[in-house]
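Peer 1: sequence first, predicted model second:
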Amino acid sequence: MQHQNSIASPFSQQENILDSHSGTTTSSVPPEVYEMGKLHFEGNVIPHTWYEHIRFDNGKVDLVSITLLSEIVYWYRPTYVKDEATGKAIGLKKKFRGDALQKSKKALADQFGFTERQVKDSLARLEELGLIIRDYRTIEVGDGLRLGNVLFIKINPTKIAQISFFERQGCDVQTSDPVHSNVGGHAFKRQTNTYTTTETSTKKTKTPPSPQGGEATDVACACEPSLKKKKKQVSFTPLTHAVCKAVKEKMFAAKSDYQPPNDLTSWLTSIEEMLVKDKRAPANIIAVLEWALADNEIRGDWNGWSSKLMTKNPAGYLRIKFDKIEQGMKAKKTRKFAPCSDDQKAADLIREGMRNSI
């Protein structure tokens, strides 16, 4: 009698269980599915919801920003430290050395095959969305050597959580009393997840047979009509509204065709945070904004603060960069001579200043 050689599948036991419950044969599942089940993938994770939230103004998906954010999130996901004896998790360990992730634009560009300009623009867009914060620092390396403008990247876990998960609304399915004679004990409340619809829907769900041998029964589920998820109403102080109005006027004054969003909640939130949390004076906020909108000086690849503020939420960007913008404003006021691209004109200004000082 010949015995046929076969390789035991690690899923053979699971296949038998699936067959007994579903009544299907293993031949209905492609072999590629089982082979892929043996593989263990590691690396960056991209939630599907990111493709809905991280987009350009024209509605196209921003794949470069999504890729960079997945890399940044990977480095901020901790590794668990386990006790060797008990196997229990006893702590968390970070993947980078300092207090924040240090990644240069060139390193990110080389890693994913992007250009440095693509990386720079994408990081700026992620910062505008409030997902990351770019922090340029001066660090010391060996032998007392100091390096300036070293990029460190921080993340906002709250914002990332908001774009990574969505809530499903459902309805409760509960069997009616009294308890049926063929069901032991009380029937438990069951829940079904349903997608949000704009009209009332009644559907029947098949309940599994009870352990006591009861038959499957149809249970009607009447879901309440639900529209889009209602936004939480947030109230702001009259001062916040007044500053917001002034910001809007300054934006139009700087660019007549500027198009603010219909919903100014994000503006009001950022302004109130500047007033309450950051203790900024209203007049100082407007003064710094006005100076930044007038800053069109080109310095290398820098086009001035004005171009950076032309976003959907200039108040949010202003809050993030407030100290740097204010520092630049004060530095300009202390200069004796304005920067000039015309060498001859600059020389004339210097000579005139020297004569006035004598």
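Peer 2: Cool, the structure landed. Numbers count the residues shown, from 1 in each chain.
Peer 1: check Val243 and give its pLDDT.
Peer 2: Predicted confidence (pLDDT) for Val243: 91.
Peer 1: wait, it touches Leu275, no?
Peer 2: Yes. With contact defined as Cβ atoms under 8 Å, Val243 reaches Leu275; the gap is 7.1 Å. Heads up, the C-betas are built off the backbone N, CA and C, glycines and all.
Peer 1: hey, what's in contact with both of those two?
Peer 2: Applying Cβ atoms under 8 Å, 6 or more residues apart in numbering, one finds that Val243 and Leu275 are jointly contacted by 282, 285.
Peer 1: between the two, tell me which one has more neighbours.
Peer 2: Val243 (25 against 18; other Cβ atoms under 10 Å).
Peer 1: who touches the more buried one in this structure?
Peer 2: Val243 touches 271, 275, 282, 285-286, counting by Cβ under 8 Å, 6+ apart.
Peer 1: any idea how far it is from Phe236?
Peer 2: Distance, Val243 to Phe236, using Cβ to Cβ, to the nearest Å: 10 Å.
Peer 1: repeat that for Glu84.
Peer 2: Using Cβ to Cβ, Glu84 is found at 54 Å from Phe236.
Peer 1: tell me the pLDDT of Thr25.
Peer 2: In this model, Thr25 carries a pLDDT of 50.
Peer 1: same deal with Lys38?
Peer 2: Value for Lys38, per-residue pLDDT: 84.
Peer 1: what's the neighbour count on it?
Peer 2: Using other Cβ under 10 Å, Lys38 has 9 neighbouring residues.
Peer 1: same check, this time on Gly98
Peer 2: Neighbourhood size, Gly98 [other Cβ under 10 Å]: 10.
Peer 1: got it, and the one 5 residues further on?
Peer 2: Using other Cβ under 10 Å, Lys103 has 19 other residues around it.
Peer 1: element containing the residue lying closest to it once chain neighbours are set aside, please.
Peer 2: Once flanking residues are discounted, Lys103 sits nearest to Ile153: 5.9 Å by Cβ to Cβ, 6 or more residues apart in numbering. Per DSSP states H and E: Ile153 is located in strand 146-155.
Peer 1: next: Ala315.
Peer 2: Using DSSP H and E, Ala315 maps to helix 314-334.
Peer 1: and for the residue nearest to Lys103, the neighbour number?
Peer 2: Residues lying near Ile153 (other Cβ under 10 Å) number 22.
Peer 1: start the count at 47 instead of 1 going forward.
Peer 2: Understood, numbering begins at 47; the last thing we discussed is Ile199.
Peer 1: which stretches of the stretch 197-346 of the chain form helices?
Peer 2: For the stretch 197-346 of the chain, applying DSSP state H, counting those that start in this stretch gives helices covering 203-210, 284-300, 311-322, 328-340.
Peer 1: would you mark the buried spots in the first one?
Peer 2: By 16 or more other Cβ atoms under 10 Å, the buried positions in helix 203-210 come out as 206, 209-210.
Peer 1: got these as a markdown table, with pLDDT and distance to Phe158 columns?
Peer 2: A markdown table is the format used below for those (pLDDT from 0 to 100; distance: Cβ to Cβ, whole Å):
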| residue | pLDDT | distance to Phe158 |
| --- | --- | --- |
| Ile206 | 92 | 19 |
| Ile209 | 91 | 20 |
| Ser210 | 90 | 20 |
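Peer 1: which among the residues you listed gets closest to Asp181?
Peer 2: For the buried residues of helix 203-210, the closest approach to Asp181 (Cβ to Cβ) belongs to Ile206, at 17.0 Å.
Peer 1: number of residues surrounding the spatially closest residue to the closest one that is not a sequence neighbour?
Peer 2: Excluding the flanking residues, the one nearest Ile206 by Cβ to Cβ, 6+ apart is Leu177, at 5.9 Å. When counting by other Cβ under 10 Å, one arrives at 24 neighbours for Leu177.
Peer 1: with that, I have no additional questions.
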